[in-house]
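1. next input, structure requested:
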Amino acid sequence: MKKNIFLVLFSLAFVTVSYCQNNEFNRKVKCVSVGAGNTLWVVDTDNNVYKRKGYQWIKIAREVKQVSMMSDNLAWGITPENKIIVWDGKVWTYVTGDLKQISVGENGQVCGVNALNEIYRNDGKNNWDRFQGYLKQVSVGSDGALWGVNIDNNLYKWSLSANNWVNVEGKFTYVCAVTDNLVFAITPTYTLMKWDGTQWTLLAGNYQYISGNSSGIVYAIDMNGQLVRLR
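-> Numbering: from 1, shown residues only. Next up, the predicted model:
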């Protein structure tokens, strides 16, 4: 099934509302996204979006429950109503469709899942293509790798050679694919694990969310909602 995307003819203005005057983010957060280079965005528990600029945190006007960014000038967000919006560096613009979670890789590939756990991929030509299978969360790597977790906490990665989802050992609630051979995942007991292409390594415990990029920068959110840089 293919769905056309039409950009709505109005945009949501960008407004700088406030700054945090140090490099540490002092609010509880529920989402973090690390983009290309050292770009970093977060969403706090009140659905406010902030991006880091130098040693300051800039609040961007718009309620968003989840964000995934490629750079400061290209980010995709999901509103509390599951509407899709895109940031172009100045404004948010609505895109038709409904998703509960979205992921964008550094190569620009965009995938997401809806409330029915159906998977959709943006073909780059204003269309959403229905992708086979059902997942509750997906992650796109910088090399185009695609990983995801289903409602039973089973972990899968997309195999180009098999043209199908391949199960990866372990039980996980959340996954972050940096590349196909560098993946971070969180277990149901909030333990952080790292996949190197062949096996899992235990890193730490008490994390609920994680994001990393191809430069090796990794941020996580602990169970208290605190933003933590891991590497």
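
2. distance of Trp87 from Ser215?
-> 21 Å (Cβ to Cβ, to the nearest Å). Backbone N, C-alpha and C define where each C-beta goes, glycine included.

3. the more surrounded of these two?
-> Neighbour tally, Trp87 and Ser215, criterion other Cβ atoms under 10 Å: the higher count belongs to Trp87, 26 against 14.

4. with adjacent residues omitted, what lies nearest to the more buried one?
-> What sits nearest to Trp87 in space, not counting adjacent residues and going by Cβ to Cβ, 6 or more residues apart in numbering, is Ala75, at 4.0 Å.

5. residue contacts, that neighbour?
-> The contact partners of Ala75, taken as Cβ atoms under 8 Å, 6 or more residues apart in numbering, are Ser33, Gly35, Trp41, Val67, Ser68, Met69, Val86, Trp87, Val104.

6. quickly find the element holding it.
-> strand 74-78 (DSSP states H and E).

7. mind putting the contacts of Ala75 into CSV with distance to Leu116 and pLDDT?
-> CSV is the format used below for those (distance: Cβ to Cβ, whole Å; pLDDT from 0 to 100):
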residue, distance to Leu116, pLDDT
Ser33, 24, 95
Gly35, 29, 86
Trp41, 27, 94
Val67, 22, 97
Ser68, 20, 96
Met69, 26, 91
Val86, 22, 93
Trp87, 26, 92
Val104, 21, 94
